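**Student:** coordinates only, no sequence provided:
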């Protein structure tokens, strides 16, 4: 009986480089931008593997904490601080602009003022976009969806130190046939 030899295929190793581990077993990263509840720009932080690979690195908020990157940050620290100050100044101006805003959102409601649906962050973001203010849904801090007609004060999270309040009017939809 002839012997058949099976070819062994070598498994290719992943070409991903290993991220440096910190003292507690997490990943050491150097923050490119300040991240709320984590650290300021230029700090070396230790985070869990998933947070590093799924959020910080793809969003460009952090990079690998190599000696080279640390030296570059030290060398350019004054430039980075100037950029951060400029960014904060722009965010403060945007915060003042938002605080002056009062947006109106029309929604279907019954006679008692209860909405048939609800008003949430996407509707508020869309209303602000009509006023040339572009935000994301996660920047709108609601304590729950708005389910009744009325005036609401909504916090807008721009930075850990900048949270202006926005006035949101929820009014009933005007029926064009009623006139």
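**Tutor:** Received it, and whenever you're ready, just let me know what you need. Keep in mind that what you see is a predicted model, and the values were worked out from it rather than measured.

**Student:** packing partners of the helix or strand harbouring residue 78?
**Tutor:** According to DSSP states H and E, residue 78 maps onto helix 77-100. When contacts are defined as 3 or more CB pairs under 8 Å, 6 or more residues apart in numbering; DSSP states H and E, helix 77-100 packs onto strand 165-172. (Each C-beta comes from the backbone N, C-alpha and C, glycine too.)

**Student:** quick one: mean pLDDT over the strand it packs on.
**Tutor:** Mean per-residue pLDDT for strand 165-172: 90.

**Student:** so where's the chain uncertain?
**Tutor:** For the chain, applying pLDDT under 70 flags the ranges 1-18, 20, 22, 175-179.

**Student:** what's near enough to touch residue 29?
**Tutor:** By CB atoms under 8 Å, 6 or more residues apart in numbering, the contact set of residue 29 is 19, 44, 45, 46, 47, 52, 56, 57, 62, 63, 64, 65.

**Student:** ok so, going back, contact partners of the helix holding residue 78?
**Tutor:** Helix 77-100 is contacted by residues 33-34, 41-42, 73, 128, 133, 156, 158-159, 161-166 when judged by CB under 8 Å, 6+ apart.

**Student:** any idea which residue is closest to the centre of the protein?
**Tutor:** Geometric centre of the chain, nearest residue: residue 138, 6.0 Å, by CA atoms, centre = their mean.
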